[in-house]
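Student: okay, predicted coordinates and the sequence, questions at the end:
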Amino acid sequence: MRSDTRSATVASQVPEFLPDTSTDAVSHQPPVPKPNTARAREAAATANGAETRSERFHRKALRGRLHGYAIATVALVGVLIALAASNTASVKVNWLIGSSHVSLVWLVLVTAIVGWLLGLLASARFNWKTRAPRRRSEARS
């Protein structure tokens, strides 16, 4: 069997594309020029619905960060469990007005939570005080 083939040079109006000589079966579709630059190849891949190299890199980087967060979370929970198991002794806490006996693990956890909440409040306050000034039209509406 013999197929009809043709060889044609396609003139391109876009400078990023080089004309391509293709030898293929005769069809009703004009030949498509091949992209010459990395940016043009990424644009063509995006137009075709394919994932570009940079998009794939960002997706893989995000996956790596999420795995890191998951590992760190599991490690933190393990440390908290070990802290609770090893610090069950009761300790005396002196307040301004008297004293009390509290389990050491509860003292450490409550102190950590209060410190975290105070840090959030301080950060919000600093952001509020140092934000960019608003224009008059935005302030009135």
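Tutor: Looks like it arrived, so ask away. Everything quoted here is computed from the prediction, not taken from an experiment.

Student: after the longest helix that the chain contains comes which helix or strand?
Tutor: Using DSSP state H, we find that the single longest helix of the chain is helix 53-86. As assigned by DSSP states H and E, the chain's next helix or strand after helix 53-86 is strand 90-95.

Student: what is the longest helix of the chain packed up against?
Tutor: helix 104-129 (3 or more CB pairs under 8 Å, 6 or more residues apart in numbering; DSSP states H and E). Every C-beta, even on glycine, is put in place using the N, C-alpha and C of the backbone.

Student: now do the helix it packs on against helix 53-86, angle only.
Tutor: Here the directions of helix 104-129 and helix 53-86 differ by 140 degrees (axes from the mean of the first three to the mean of the last three CA atoms, to 10 degrees).

Student: any buried residues in helix 104-129, and which?
Tutor: Leu104, Val105, Val108 (16 or more other CB atoms under 10 Å).

Student: in TSV: those, plus pLDDT.
Tutor: Output for the buried residues of helix 104-129, formatted as TSV (pLDDT from 0 to 100):
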residue	pLDDT
Leu104	88
Val105	85
Val108	85
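
Student: contacts for stretch 83-95?
Tutor: Ser99, Ser100, His101, Val102, Ser103, Leu104, Val105, Leu107, Val108, Leu109 (CB atoms under 8 Å, 6 or more residues apart in numbering).

Student: if I look at the fifth one, how far off is Ser90?
Tutor: Think Ser103. For Ser103, the distance to Ser90 (CB to CB, to the nearest Å) stands at 6 Å.

Student: over to Ile71?
Tutor: Taking CB to CB, one finds Ile71 at 34 Å from Ser90.

Student: next one: Leu118
Tutor: 26 Å.

Student: alright, I will stop here.
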